[in-house]
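**Q** Kindly generate the corresponding structure for this input.
(4 chains)
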There are 2 protein chains.
Amino acid sequence: MSHKLKEVLKNISIDCVIFGFNNNELEVLLIKRAVNPYKDYWALPGGFIKKNELVKEAADRILFETTGINNIFLEEFEIFDSVDRFPLWRVLTLGHYALISPNLYHLSTGSDSLEVKWFSINELPDLPFDHLHIINTALMKLRNRVRYKPIGFELLPAKFTLPQLQKLYEVILGKELDKRNFRKKIMKMKLLKMLNEKDKNNIKRPALLYKFDNKNYNRLKEKGFVFEI
Amino acid sequence: MSHKLKEVLKNISIDCVIFGFNNNELEVLLIKRAVNPYKDYWALPGGFIKKNELVKEAADRILFETTGINNIFLEEFEIFDSVDRFPLWRVLTLGHYALISPNLYHLSTGSDSLEVKWFSINELPDLPFDHLHIINTALMKLRNRVRYKPIGFELLPAKFTLPQLQKLYEVILGKELDKRNFRKKIMKMKLLKMLNEKDKNNIKRPALLYKFDNKNYNRLKEKGFVFEI
DNA sequence: TTTTATTAGTGTATAAATTACACTTTTTAA
DNA sequence: TTAAAAAGTGTAATTTATACACTAATAAAA
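**A** As a prediction, the model looks like this:
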């Protein structure tokens, strides 16, 4: 790690599970570790919290330093506390996750990472520590959360189509949705702004483009609106 | 604290917010601190995690040592990480909460607590550290959680009446519910076992007693049932 | 230019759930 | 025996959820 042990809280670390959506599949961002233990292994971006850092600040910094990604909404989802999960000493890890639209972020390595890459969650490499368990836990939490908070939208480009949104939810929830009912339900929530543009990506019947109306979502939320899919 | 600093992870502590339900009010369990800082103050039961302890084990032990309560379901709900929240050094606190039926548990003090007592959440004493913030956050999380998981039942005695259950939900959710609709909704879920007994507590028309059918709840859950109030 | 192919977009019927509401019954206390 | 207090109950209207097939709009192919 790039920071001296004396600068950090050596018993508390952070691991980040960054989900993306591509080719109608969920993906997760991994780094190739530059340091031991498990040098050269693909693993979750992670690191230790500095002594005077808030958890949120640390998560943002660690993610940026290892992958080049910043300015995303990281959320704590679980504490991983097995006694021997880190081979050298006792470490509790605060798991964080985020959903991002992969094409919006430029990836770069840092001193702790040799390489950064997206992996389909259906084709993960061997992972060190309990990182597979962390990813699976994050996925379970994501599946539940996405139904009660409009975080799924973060996985789409700023401009998206209703068929894309539906596909995203089908992939996350693992079930087929009726497009008539899905469309009616979403449109009724009044969370989308229709754009006077169509998706022109080699499609016979180009679909209308929308964007998420965050301002209206917050306004409705204050009035007691509850998102649910 | 009763444990030597060298035995614990001094940067990670646990605070427990234990909710009870009494006189149609939510209550929270506090201890009078036996040690500095803030000796003699009423505060949340808390302590440090031992070096080879799982978070869950630590939470259970800390709660038992400070209040005499054990064998309850503690759940982590938030991390409190302000840099100066503990005056002597950097401490991150893993907030845990639980709901219990107060009459089922015998309270006792330990070496860290001079006294243990229930306080109405509407009449809290001055609290040290950020304990008021911790309690308010727990309450917010509780209000949401109680709608999507049948944890509210934990606040009632093993045998309870439907009017008691409704009152509990009204208190937690902060709104009045129609007793006809509430009764229909609850009975339809098939989570209660009707007892051939009535509540005989100085009531003109004694109500039927029920108990929560955990076995059936788990069976229904496996079949895809989702609790929601 | 016309035809074909592919996908987006739409409407209707039924079932289920939610919401709003007042009176009857059952017990204990007076 | 009567009064009081609370539990228990049913109905109607509205909203939401679910299931389903055809039409329309475009680009590619002929």
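**Q** From now on I want contacts and neighbour counts done on CA atoms only, so please keep to that.
**A** OK.
**Q** Around chain B, pick out the residues from chain A.
**A** Residues of chain A lying close to chain B (C-alpha under 8 Å from any C-alpha of the partner chain) are A:Leu9, A:Asn11, A:Lys51, A:Asn52, A:Glu53, A:Leu54, A:Val55, A:Asp81, A:Ser82, A:Val83, A:Arg90.
**Q** go with 7 Å
**A** Counting by C-alpha under 7 Å from any C-alpha of the partner chain, chain A comes close to chain B at A:Asn52, A:Glu53, A:Leu54, A:Val55, A:Asp81, A:Ser82, A:Val83.
**Q** Extract the C-alpha trace of stretch A:144-160 and format it as PDB.
**A** Provided in PDB are the C-alpha atoms of stretch A:144-160 (Å, rounded to 0.1, in the frame of the first residue of the first chain):
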ATOM      1  CA  ASN A 144     -33.100  -5.400  -2.700                       C
ATOM      2  CA  ARG A 145     -32.200  -1.800  -2.700                       C
ATOM      3  CA  VAL A 146     -32.800  -1.200  -6.300                       C
ATOM      4  CA  ARG A 147     -36.500  -1.900  -5.700                       C
ATOM      5  CA  TYR A 148     -36.900   0.700  -3.100                       C
ATOM      6  CA  LYS A 149     -34.600   3.500  -4.300                       C
ATOM      7  CA  PRO A 150     -34.100   4.700  -7.800                       C
ATOM      8  CA  ILE A 151     -30.400   3.800  -7.800                       C
ATOM      9  CA  GLY A 152     -30.700   1.600 -10.800                       C
ATOM     10  CA  PHE A 153     -30.800   4.700 -12.900                       C
ATOM     11  CA  GLU A 154     -27.100   5.400 -12.000                       C
ATOM     12  CA  LEU A 155     -26.200   2.400 -14.100                       C
ATOM     13  CA  LEU A 156     -27.600   3.900 -17.300                       C
ATOM     14  CA  PRO A 157     -26.200   6.700 -19.400                       C
ATOM     15  CA  ALA A 158     -27.600  10.100 -18.700                       C
ATOM     16  CA  LYS A 159     -29.900   9.600 -21.700                       C
ATOM     17  CA  PHE A 160     -31.500   6.200 -21.900                       C
END
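**Q** and that stretch, is it in reach of DNA strand D?
**A** No: figure legend: stretch A:144-160 not in contact with DNA strand D (C-alpha under 7 Å from any atom of the strand); closest approach 11.4 Å.
**Q** filter the residues of chain A next to chain B to the buried ones?
**A** Among the residues of chain A next to chain B, those classed as buried by 16 or more other C-alpha atoms under 10 Å in any protein chain shown are A:Asn52, A:Glu53, A:Val55, A:Asp81, A:Ser82, A:Val83.
**Q** Using TSV, lay out these together with secondary structure.
**A** Compiled in TSV, those are given as follows (DSSP: H, G, I helix; E, B strand; the rest coil):
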residue	secondary structure
A:Asn52	coil
A:Glu53	coil
A:Val55	helix
A:Asp81	coil
A:Ser82	coil
A:Val83	coil
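**Q** from these, which is closest to A:Phe212?
**A** Set against A:Phe212, the nearest of these by C-alpha to C-alpha is A:Val55 (28.4 Å).
**Q** Now do the same contact list for that closest one.
**A** A:Val55 makes contact with A:Ile49, B:Asp81, according to C-alpha atoms under 7 Å, 6 or more residues apart in numbering or on different chains.
**Q** Could you check the pLDDT of it?
**A** The model reports A:Val55 with a pLDDT of 97.
**Q** how close does it sit to B:Ala98?
**A** Using C-alpha to C-alpha, to the nearest Å, A:Val55 is found at 24 Å from B:Ala98.
**Q** Over to A:Trp42?
**A** Look at A:Trp42 and B:Ala98: by C-alpha to C-alpha, they are 38 Å apart.
**Q** Compare these two (neighbour count), which wins?
**A** A:Trp42 (24 against 21; other C-alpha atoms under 10 Å in any protein chain shown).
**Q** what pairs with the more buried one across the strands?
**A** Note on A:Trp42: beta-bridge partners by DSSP bridges are A:Lys32.
**Q** Isn't it up against A:Ile31?
**A** Yes: the criterion here is C-alpha atoms under 7 Å, and A:Trp42 meets it with A:Ile31 at 5.4 Å.
**Q** any idea which helix is longest in chain A?
**A** In chain A, with assignment by DSSP state H, the single longest helix is helix A:131-148.
**Q** Endpoints of stretch A:152-165, how far apart?
**A** By C-alpha to C-alpha, one end of stretch A:152-165 lies 8 Å from the other end.
**Q** Is any residue of it near DNA strand C?
**A** Yes: Stretch A:152-165 comes into contact with DNA strand C (C-alpha under 7 Å from any atom of the strand), by way of A:Thr161, A:Leu162, A:Pro163, A:Gln164.
**Q** wait, which of these is closest to A:Val226?
**A** A:Val226 has its nearest neighbour among these in A:Leu162, at 20.3 Å by C-alpha to C-alpha.
**Q** Relative to DNA strand D, how far out is that closest one?
**A** The gap separating A:Leu162 from DNA strand D is 14 Å, by C-alpha to the nearest atom of the strand, to the nearest Å.
**Q** And for A:Pro125?
**A** Counting by C-alpha to the nearest atom of the strand - A:Pro125 and DNA strand D are separated by 36 Å.
**Q** With adjacent residues omitted, what lies nearest to that residue?
**A** Spatial nearest neighbour of A:Pro125, excluding adjacent residues (C-alpha to C-alpha, 6 or more residues apart in numbering or on different chains): A:Trp42 at 7.0 Å.
**Q** Thank you, goodbye.
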